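Q: mind looking at a prediction? Sequence and model below.
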Amino acid sequence: MSQKVSKDRLDTIFRLQKGLSEMMNLDRYPKDSEGRISALSTAIMHEAVELQRTTNWKWWKTPSKFDVAEAREELIDIWHFVVQASLELNLTPDDIVDEYKKKNEINRERQRTGY
């Protein structure tokens, strides 16, 4: 049952992202698939830096209180771009689960064999 609930939620996320992308002015969005994936990869990297900036990674600086709400917002920004990249690559929620399972097993095998 939990897998069905999770898949339904992933379907919802994909549907919401598709609707959002249909609302956007895409005049400056690359026209070719490779260009779109490149642009989305850049956006993901920049959002990851914004997420990192919510942490106290600068060991030489006086730490500030970690803002979990801000970190969550930055992580969701990453999700938006990851889901859009998934749509651009014609990955469905089922594909995501299948590919995740395959890579998860590879990573588990690597841990078992001292990768």
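A: Received it, and whenever you're ready, just let me know what you need.

Q: poorly predicted segments of the protein, please.
A: For the chain, the stretches flagged by pLDDT under 70 are 1-7.

Q: if we use 90, what do you get?
A: 1-8, 115 (pLDDT under 90).

Q: mind listing the helices for it?
A: 2-23, 33-52, 68-88, 93-112 (DSSP state H).

Q: quick check: the closest residue in space to Leu20 that isn't next to it in sequence vs Asn25, distance?
A: Nearest residue to Leu20 in three dimensions, chain neighbours excluded: His80, at 7.6 Å (C-beta to C-beta, 6 or more residues apart in numbering). C-beta here means a position set from N, CA and C on the backbone, and glycine is covered the same way. Distance, His80 to Asn25, using C-beta to C-beta, to the nearest Å: 16 Å.

Q: the more surrounded of those two?
A: Taking neighbours as other C-beta atoms under 10 Å, His80 and Asn25 compare with His80 leading, 18 against 6.

Q: how much space between the more buried one and Phe66?
A: Separation of His80 from Phe66 (C-beta to C-beta) stands at 22 Å.

Q: and for Tyr115, the neighbour number?
A: 8.

Q: what do you get for Trp60?
A: For Trp60, using other C-beta under 10 Å, the count is 4.

Q: would you confirm that the residue nearest to Leu20 contacts Gln17?
A: Yes: counting by C-beta atoms under 8 Å, His80 does reach Gln17; the two are 6.5 Å apart.

Q: so who does the spatially closest residue to Glu74 that is not a sequence neighbour touch?
A: Excluding the flanking residues, the one nearest Glu74 by C-beta to C-beta, 6+ apart is Leu51, at 3.9 Å. Residues near Leu51 by C-beta atoms under 8 Å, 6 or more residues apart in numbering: Ala71, Glu74, Leu75, Ile78.
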